[in-house]
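Undergrad: I'd like to go over a predicted model; first the sequence, then the structure.
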Amino acid sequence: MTEREQLERLVQAVYDGDPNREWERAERHRTEFAVTQMVLDAHLPPPPARVLDCGGGPGRYAIYLARRGYQVTLFDLSPELLNRARQQAQETGARLSGIQQGTATDLSRFNTAQFDAVLLLGPLYHLLEATDRQLALSEAYRVVKPGGRVFAAFITRYAAHIDAVARYPKRAADMPALYRQIATAGRLSPRNEGSAGFIAYFAHPDEVVPLCRAVGLEVLEVLGVEGVAAGREKLVNALTGEAWDFWVETNYSIAQDPSSHGGAEHLLAVCCRPQWRATLRYIAEELESLELDYRVVGGASLALRGLPVSVHDLDLEMTEVSAAYRFQERFATTTAQPVAWRETERVRSHYGRFEIRGMQVEVMGGLTRRIGARWVPSFLSTHEVVKLEGASVSVLALEEEMLAYLRRGRLDRAALALQACDADRLLSYLAEAHARHML
C-alpha cells in the first residue's frame, strides 16, 4: 500500500466515523456555506449544466445545486458520507445524477471534458504532498469542458490557529511544536502510527494561484469565504432575516479583498479551463499534419511558459507568405476576414482573421515592421516547441518574445517575460537584433 493510499484510508475513517457531523458542518459555519453558494451562483453556467461535486461528502452543495436544476454527480472518498447524502437527497426530493465512491486523485472513470463544472471543495484539504494536490487539480482540469469552471477550496495556513484562539487556546498552548509545524510547513500529519485523527494541509495564500496555474487553469478570483467572520461566528449564526442577509453580503464583498485572505479559514479559487488552450491544441495538430512553419506569438506564447497572462485571442506568424494562404484553405469555413496584403504605418503583412472554436485567431504571413526608415522582418529565426496537452506548439524563444514586446513599447509584457529569460541568450539575441537594425 502506498503512502497516499494509507493516508486516504485514515481520512476515510475520520469521515466514516461521524457522517452526521459533516452534514451539520454547514450549520456551524453558515457564513462559509452562504458565501460559497453566492460564488457558485455567480460563476456556474445555468442549469441543467452537468456538475461533478468531487469530495462533496454528505451532499450539501450537490443537493443545493440539484434542487436548482443542475445535473450533479456526487463523488467522495467516504461511503458513510455518501449514504448520508442518499438519505438527505431522498428526504429533500433532490435528484442526483449519480453517487460514486473514489478518490480525487483518480477520476479515470469520468470522460475527458464530461462536465460543465467541477467542485473541489474538500479533497485538497487532506493531500499532504504538493504532487497529489496538483494531481487532483489536473484530474479536475481534464474532466471539465474547455471554458468550464473549477472551484477549488483550501484550508488556510493559519486556520488551525484561528480555531484554537476562538475555542481552545490553552490546549493549543500545550502543543507548541505542532502549531509551529503547521505555521511553517502547513502539514498536520497523523499523530500516531495508523491513527485516524484529522489530517490536513494548510495552504499559504501565496500558493493557491501558482498551484492552479501549474495544471493549466486560469484563476478568475480567489476569495476568503468567511470574510471577517472567521473564528467569530457564534453571534452571526444566530441572526435571521435582513441582519443575516447584511452580513452574508458584507462577507461576500470582503471575501474578494486579498488583504482578508490571511485571516480567513478557507480560500476558494474560482478557476476556468481556458478555451484558448483547447483551440490552440486543435490548430497545432492540424498545422503539424500540413507541415506548416509557424510561431505562436503574443500573450499565448507567454502563457504557454506559465507566465500569468490572460489570453483573449491567438496570434500566429507564418515564416512563408504561402503558409498564411494554406492556413486559410484548411480553415476556410471559419474565415472572418480573408488573408490579403495589408499595410499600416508601422506593420505590413498578408493578414487574415478567423473564428475557430470560440477564439479569434489572427494569422500573419511575411510580417515586417517599420524601424525608422527601414522595413525589417518581425523576428529572428528562433524556434522552440512547447507541449500543450500532448500537442507540439511552435513558439519563438522567450528571449525574442521579450525583445518583440520591447520593440513595440509594451514594457509591462517585456518585464513579465524578462524574469523568465536566460541572460546569455537574451544578450546574444539583443546583439543580433541590433546588428540587423531590428531595434
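TA: Good, I have the coordinates. None of these values were measured; they are calculated from a predicted model.
Undergrad: ok, residues contacting the helix or strand containing E24?
TA: In this assignment (DSSP states H and E), E24 forms part of helix 19-28. With Cβ atoms under 8 Å, 6 or more residues apart in numbering as the test, helix 19-28 has contacts from 15, 32-33, 57-58, 60, 78, 80-81, 83-84, 88, 233, 237. C-beta coordinates here come from the backbone N, C-alpha and C atoms, glycine included.
Undergrad: between those, which sits nearest M402?
TA: E32 (42.7 Å; Cβ to Cβ).
Undergrad: pretty sure Q337 contacts H350?
TA: No: the pair Q337 / H350 is not scored as a contact, 11.8 Å apart, by Cβ atoms under 8 Å.
Undergrad: count of residues packed around P210?
TA: 11 (other Cβ atoms under 10 Å).
Undergrad: ok, back up a step: neighbour-wise, which of Q337 and H350 wins?
TA: H350 (21 against 13).
Undergrad: could you say which helix or strand contains the closest residue to L267 other than its chain neighbours?
TA: Leaving aside its sequence neighbours, L267 sits nearest to F154 (Cβ to Cβ, 6 or more residues apart in numbering; 4.6 Å). F154 belongs to strand 144-156 when assigned by DSSP H and E.
Undergrad: could you give the separation of that strand from the chain centroid?
TA: The chain centre lies 6 Å from the centre of strand 144-156; the measure is Cα atoms, centre = their mean, to the nearest Å.
Undergrad: the following helix or strand past it vs strand 144-156, what angle?
TA: Toward the C-terminus, strand 144-156 is succeeded by helix 159-167 as the next helix or strand (DSSP H and E). On the basis of axes from the mean of the first three to the mean of the last three Cα atoms, to 10 degrees, helix 159-167 is oriented at 50 degrees to strand 144-156.
Undergrad: tell me which strands and helices helix 159-167 is in contact with?
TA: The contact analysis (3 or more Cβ pairs under 8 Å, 6 or more residues apart in numbering; DSSP states H and E) places helix 159-167 against helix 169-173, helix 176-185, strand 200-203.
Undergrad: per-domain residue ranges of this protein.
TA: 3-273, 276-435 (automatic domain parsing).
Undergrad: in TSV: those domains, plus mean pLDDT.
TA: Below are these laid out as TSV (pLDDT from 0 to 100):
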stretch	mean pLDDT
domain 3-273	94
domain 276-435	93
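Undergrad: could you pull out the strands for the stretch 151-300 of the chain?
TA: 187-188, 200-203, 218-224, 266-272, 294-297 (DSSP state E, counting those that start in this stretch).
Undergrad: show me which residues of the third one are buried.
TA: Counting neighbours by 16 or more other Cβ atoms under 10 Å, one finds that the buried residues in strand 218-224 are 218-219, 222-224.
Undergrad: give me the contacts around that strand.
TA: So strand 218-224 is contacted by 35, 39, 43, 156, 205, 208-209, 212-213, 230, 252, 254-258, 260-261, 263-264, 266-274, 310 (Cβ under 8 Å, 6+ apart).
Undergrad: now swap in the second one and tell me
TA: When contacts are taken as Cβ under 8 Å, 6+ apart, the neighbours of strand 200-203 outside the stretch itself are 124-128, 133, 154-160, 182, 186-188, 211, 267.
Undergrad: Y179 is in contact with A164, correct?
TA: Yes: using Cβ under 8 Å, A164 is in contact with Y179, at 7.2 Å.
Undergrad: number of nearby residues for E317?
TA: Neighbour tally, E317, other Cβ under 10 Å: 25.
Undergrad: please shift the residue numbers so they start at 325 in all later answers.
TA: Yep, numbering from 325; the last one is E641 now.
Undergrad: okay, which residue is most central for the protein?
TA: Centroid-nearest residue in the chain, with Cα atoms, centre = their mean: L541, separated by 3.0 Å.
Undergrad: and the following helix or strand past the helix holding E348, how far from the chain's centre?
TA: Heading C-terminal from helix 343-352, the first helix or strand you meet, by DSSP H and E, is helix 354-367. Distance, stretch centre to chain centre, for helix 354-367: 18 Å (Cα atoms, centre = their mean).
Undergrad: what angle do helix 354-367 and strand 542-548 make?
TA: Going by the same axes, to 10 degrees, helix 354-367 makes 160 degrees with strand 542-548.
Undergrad: relative to T706, which of the strands of the stretch 475-624 of the chain is closest?
TA: With Cβ to Cβ, the closest approach to T706 among those belongs to strand 618-621: 8.5 Å.
Undergrad: packing partners of that closest one?
TA: strand 637-642, strand 715-719.
Undergrad: quick one: strands adjacent to the first one?
TA: Translated: strand 637-642. Looking at strand 637-642 with DSSP bridges, its partner strands are strand 618-621 (antiparallel), strand 683-695 (parallel).
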